[in-house]
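Novice: sequence-free structure coming up:
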């Protein structure tokens, strides 16, 4: 072999190697399992716990209606604001709430993303929950009636949310927690809040948080209506409450109070229009035509002191129904329907819950 031929062979082999390397690095590694960049979920400090001063602050965020980020235009804003307004306004609003209120826990009560406007549900979920993930605070979410109207069903959505950084959301209760194989919906779970560090309640839950899937849409006797909390969910909840009651430190201890979070309000909320409330009742209650006995179940359990919903964006109030507080979070998303033009979206709201274990009742306030 002459010297020029030898050099040409070396160059030829080097060229083939370079081409194969480029193909592998740019294409093949994306097709082979085990070559993806791994991301280990970041977890918050657990368990959830009251502060040393005996308080625990929850920020409820309802109806973000997040879609495609900067490409998604706002609804119900002044014409002069429309051009610059997008989902990023929602992000800034939620981030500002977290920074100013410094909650211990964030509860997202459904319609986190707006499926009909969402091209990729996973990307939209990442965008919607950015402020919570950035804060490194523990947060949990349930689904509304619009979340699943994109590229993921409800089970996939809750699975994805449960795997996000600092999320303590669950797809459904663990099978160790009771028989749950036949429970309706996705996003039925319980979180306990322990007592302050160094106290006799430090290793026990003294506040229970119940999360329930209220569904999306249904057809009843040929008429379309909103979803509702089913009998299987209520049976699970009653059994869980009884189990938690058996875990009290002493027989003389008071029953640990509980708060419930779900998206679609129950029919009894309508009666608050004629009663004294804290906040603003500005929109008719859009609930299911089916009354599945949620309030009756809460009353029989005895531990649920308040429940928190979303869905009706312009309602942001609390009122008492048979001794149980019923509260709206108020829609905070700029892509969801909101106020009239003389009350633009800049008045978006959320619900703040300050819970003081010494007073054994929640203290509610509204954030603007």
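Specialist: Yes, it's here. Note that the coordinates shown come from a computational prediction; the quantities given were computed from them, not determined experimentally.
Novice: Look at residue 42 and give its secondary structure.
Specialist: Three-state assignment for residue 42 (DSSP: H, G, I helix; E, B strand; the rest coil): coil.
Novice: does it really touch residue 163, like I thought?
Specialist: No. Assessed by Cβ atoms under 8 Å, residue 42 is found out of contact with residue 163, at 10.9 Å. The way it works is simple: take the backbone N, C-alpha and C, and place the C-beta from them, glycine included.
Novice: Surely residue 191 forms part of a strand?
Specialist: Yes. The assignment for residue 191, made by three-state DSSP, places it in a strand.
Novice: Contacts only, for it.
Specialist: With contact taken as Cβ atoms under 8 Å, 6 or more residues apart in numbering, residue 191 is in contact with 48, 140, 168, 208, 209, 211.
Novice: 7 Å instead?
Specialist: The contact partners of residue 191, by Cβ atoms under 7 Å, 6 or more residues apart in numbering, come to 48, 140, 168, 209.
Novice: wait, residue 264 sits on residue 287?
Specialist: Yes. Look at residue 264 against residue 287 with Cβ atoms under 7 Å: they come within range, at 6.0 Å.
Novice: Between the two, which contacts overlap?
Specialist: Listed as contacting both residue 264 and residue 287 by Cβ under 7 Å, 6+ apart are residue 226.
Novice: Please identify which of these two sits among more neighbours.
Specialist: Set residue 264 next to residue 287 and count neighbours by other Cβ atoms under 10 Å: residue 264 wins out with 27 against 22.
Novice: average pLDDT for stretch 264-283?
Specialist: Across stretch 264-283, pLDDT averages out at 95.
Novice: what comes up buried for that stretch?
Specialist: 264, 265, 266, 267, 268, 269, 272, 277, 279, 281, 282 (16 or more other Cβ atoms under 10 Å).
Novice: Let me know the secondary structure of the last one.
Specialist: So the one you mean is residue 282. With three-state DSSP as the basis, residue 282 sits in coil.
Novice: Show me what stretch 146-161 is in contact with.
Specialist: 110-116, 118, 120-122, 125, 141, 143, 167, 169, 171, 186-187, 216.
Novice: Which among these count as buried?
Specialist: So, by 16+ other Cβ under 10 Å, the buried ones in the contacts of stretch 146-161 are 110-115, 118, 121, 125, 141, 143, 167, 169, 171, 186-187, 216.
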